[in-house]
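> sequence plus predicted model, see below.
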Amino acid sequence: PSVEVGAFVSPKWVPQMGDSAQVLQEVADLGPGVRLPVLVPNAKGLEAAASAGAREIAIFASASEGFSQRNINCTVAESLERYRAVCASALERGLAVRGYVSCVAGCPVDGRVKPAAVAHVAAQLVDMGCYEVSLGDTIGVGTPGTVQAMLQGVSREVGVERLAAHFHDTYGQGLANILTALDMGVATVDSAVAGLGGCPYAPGATGNVATEDVLY
């Protein structure tokens with residue numbers, strides 16, 4: 001099992017994550033085989049995560065230019081260049097690295113996102129060393145039809161065994177989208193207890209699909 005326990009981001013911009021180091025240390029002994037990844041946006045975040053005892057990090061890049069600028073204040077290409085260095089440093093330290101692609105079904109700034117854009121970012125993350133790439137519908141606008149088209153496009157560049165599904169449930173499509181992904185061979189699904197979450201840079205978007213609903 002894997003439980004994402006925090007994010008080593010700027011507490012100035014995301015104060016909710018300011019105590020991630022303490023949370024990570026409190027849950028460090030959950031048991032053998034439990035993965036405890038933490039989100040890391042840059043080299044500074046990696047240093048903080050490593051100092052707190054993280055054994056796995058997650059990096060996140062957007063498939064859309066507009067959201068990349070809004071979320072991490074750089075272009076998609078700049079973010080991938082940054083993450084390549086972060087990933088290399090993490091791997092040198094013996095840390096596992098998971099990748100996320102944001103806005104795989106739509107963007108709050110740019111609107112529709114083409115599957116080719118998602119595939120490009122996913123392939124870059126795998127190339128730099130991510131053992132798995134989670135495809136995130138950040139604003140929850142995907143439907144089984146658009147998710148199928150997106151996964152078909154991505155799986156031409158990245159083997160489906162390296163992909164995970166991450167669907168926010170803004171319009172009640174999360175479970176249907178997960179079923180579509182499972183039918184297409186995706187075997188890892190992200191979820192959140194009680195559907196918590198959202199994104200401060202995507203107003204109106206709800207949290208990830210609820211763990212309880214996925215298990216049921």
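Sure, I can see it.
> tell me the mean pLDDT over stretch 144-162?
Across stretch 144-162, pLDDT averages out at 97.
> kindly report the same for stretch 56-75.
For stretch 56-75, mean pLDDT rounds to 92.
> tell me how far the ends of that stretch are from each other?
25 Å (CA to CA, to the nearest Å).
> just checking, Q124 is part of a strand?
No. Under DSSP: H, G, I helix; E, B strand; the rest coil, Q124 falls outside any strand and is assigned helix.
> just give the nearest non-adjacent residue to it, would you?
Excluding its sequence neighbours, the residue lying closest to Q124 (CB to CB, 6 or more residues apart in numbering) is L80, at 5.0 Å. (Each C-beta comes from the backbone N, C-alpha and C, glycine too.)
> show me where the protein has its strands.
Listed in chain order, the strands of the chain (DSSP state E) span 6-7, 38-39, 56-62, 96-102, 132-137, 163-167, 188-189.
> for A205, find the nearest of the ones you listed.
strand 132-137 (9.2 Å; CB to CB).
> can you give me phi and psi for the residue nearest to A117 when sequence neighbours are not counted?
Residue nearest to A117 in three dimensions, not counting chain neighbours: A63, with 4.6 Å by CB to CB, 6+ apart. Per-residue torsions, A63: phi -80, psi -10 (degrees, to the nearest 10).
> tell me the contacts of A63?
A63 makes contacts with V76, V101, S102, C103, V104, C107, V113, A117, V118, H120, V121, as judged by CB atoms under 8 Å, 6 or more residues apart in numbering.
> how close does the residue nearest to Q124 get to A105?
Using CB to CB, to the nearest Å, one gets 20 Å for the distance from L80 to A105.
> compare the two (neighbour count), which wins?
Neighbour count, other CB atoms under 10 Å: between L80 and A105, A105 has more, with 26 against 20.
> for the nearest residue to V141 once chain neighbours are set aside, grab the count of nearby residues.
Of all residues not flanking V141 in the chain, G106 sits nearest, at 3.9 Å (CB to CB, 6+ apart). Close neighbours of G106, defined as other CB under 10 Å, add up to 19.
> tell me the spacing between G106 and L91.
Distance from G106 to L91, by CB to CB: 32 Å.
> tell me where the longest helix sits in this structure.
helix 76-92 (DSSP state H).
> okay, buried residues for stretch 135-151 please.
Going by neighbour count (16 or more other CB atoms under 10 Å), the buried part of stretch 135-151 is 135-142, 146-148, 150-151.
> no no, stretch 157-170
Buried residues in stretch 157-170 (16+ other CB under 10 Å): E157, V158, R162, L163, A164, A165, H166, F167, H168, D169, T170.
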